[in-house]
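Asker: Just a sequence and a predicted model for now, questions to come.
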Amino acid sequence: MTTFLLLTFALLLDAYAGEPRWLWSRIPHPAVIMGSAIESLDNALNKSSGARPEGTIAILLLVTGAGIIGWIISLLGPLVSILGVAVLLAQKSLIDHVRAVSNGLRQSEMSGSQALARIVGRDVNQLTPPETARAAIESLAENFSDGVIAPAFWFLIAGFPGILVYKTVNTADSMIGYRTTRYATFGWATARLDDFLNWIPARIAALLIALAGQSTKKWNYIAMDAVRHRSPNAGWPEATVAHSLSIALAGPRSYNGKIQDLAWLNGKARHDLDSVDIDAAIFLIWRAWGLGLVITILAGGLLWIF
């Protein structure tokens, strides 16, 4: 069974089943296991402000371990690989979490903020409803790249070891890849590796969104906005969603009580967002996902024929 065919089944399974609570309430999710390993290395090696070498060793150990485990899992047969890849993809889970923000905003400002707090790291208590909607759409765009396209890409490139290594690095980046006093040096290698692993997938995600949103003619504007983002990668899917839906994203926000004056994406467009805009973004991301699925099927078919 080809890698493309395995990925096709995994994409469909993830889109249908997502992350069933009955399963992960009984056994630990792989992300939980990864998090425990990362936390253990953090506690063991992150002892000083100049811990860049130790941080590099930590991520190398994590990558090596993930690669070996991924290789062992790949030997267990195609069914195990399909199930494993589906678990490591996050399309349905992402959509469900973002839709919860939309539904929450329809009920009350507080309900929307509470739902948003489950998917973002910024301060949500002082956000207005338009700011809550904007944050949800940004998270949807970025995590479509990080949680769906990038894992799928690295599975196609390097099989199950590839996707497991990617998910391990991405999880580590979400835990120690911050420019804080504790992690500025220890998490440096992890953050740089995560940037590298997401460079191509982020641009693929942006292209899929642009095709799905019929905004390819705006690509020059998308590119100009994307490079203004603080992340070398997240700006691409976020800017593409902004231009596809003719809305403004990003801009100033608060982290840990401190205001960060970040650049706007498509800043001249509409700022007053609501649950309808979240729903439109969800529909756009589903179309982009569907386009990616079709491309995967066609590519797999061509490889099988030739």
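Answerer: The structure has been received and is ready for your questions.

Asker: Pretty sure Ala269 sits against Gly251.
Answerer: No. Between Ala269 and Gly251 there is no contact, the gap being 11.5 Å when judged by CB atoms under 8 Å. C-beta: built from backbone N, CA, C; applies to glycine.

Asker: Which helix or which strand is home to the closest residue in space to Ile200 that isn't next to it in sequence?
Answerer: Nearest non-adjacent residue to Ile200, counting by CB to CB, 6 or more residues apart in numbering: Phe153, 6.6 Å away. Counting by DSSP states H and E, the element that carries Phe153 is helix 150-176.

Asker: before we move on, what about Gly292?
Answerer: helix 275-305.

Asker: For that helix, give the mean pLDDT please.
Answerer: Per-residue pLDDT values over helix 275-305 give a mean of 95.

Asker: same thing with stretch 115-126?
Answerer: 86.

Asker: Pull out the buried positions in it.
Answerer: Ala115, Leu116, Ala117, Ile119, Val120, Arg122, Asp123, Val124 (16 or more other CB atoms under 10 Å).

Asker: before we move on, what about stretch 178-194?
Answerer: Tyr178, Tyr183, Ala184, Thr185, Phe186, Gly187, Trp188, Ala189, Thr190, Ala191, Leu193, Asp194.

Asker: which phi and psi does the first one have?
Answerer: Read that as Tyr178. Here is the backbone geometry of Tyr178 (degrees, to the nearest 10): phi -100, psi 160.

Asker: Could you do the fourth one as well?
Answerer: With angles defined as degrees, to the nearest 10, Thr185 shows backbone torsions of phi -100, psi -40.

Asker: Spit out the contact partners of the residue nearest to Leu284 when sequence neighbours are not counted.
Answerer: In space, and not counting its chain neighbours, Leu284 is closest to Gly213: 5.3 Å by CB to CB, 6+ apart. Contact analysis of Gly213 by CB atoms under 8 Å, 6 or more residues apart in numbering lists Thr240, Val241, His243, Ser244, Leu245, Leu284, Arg287, Ala288.

Asker: Quick one: the helices in this protein, in order.
Answerer: Assigned by DSSP state H, the chain shows helices spanning 3-17, 21-24, 30-45, 52-74, 78-88, 91-107, 109-117, 129-144, 150-176, 188-212, 219-226, 235-245, 275-305.
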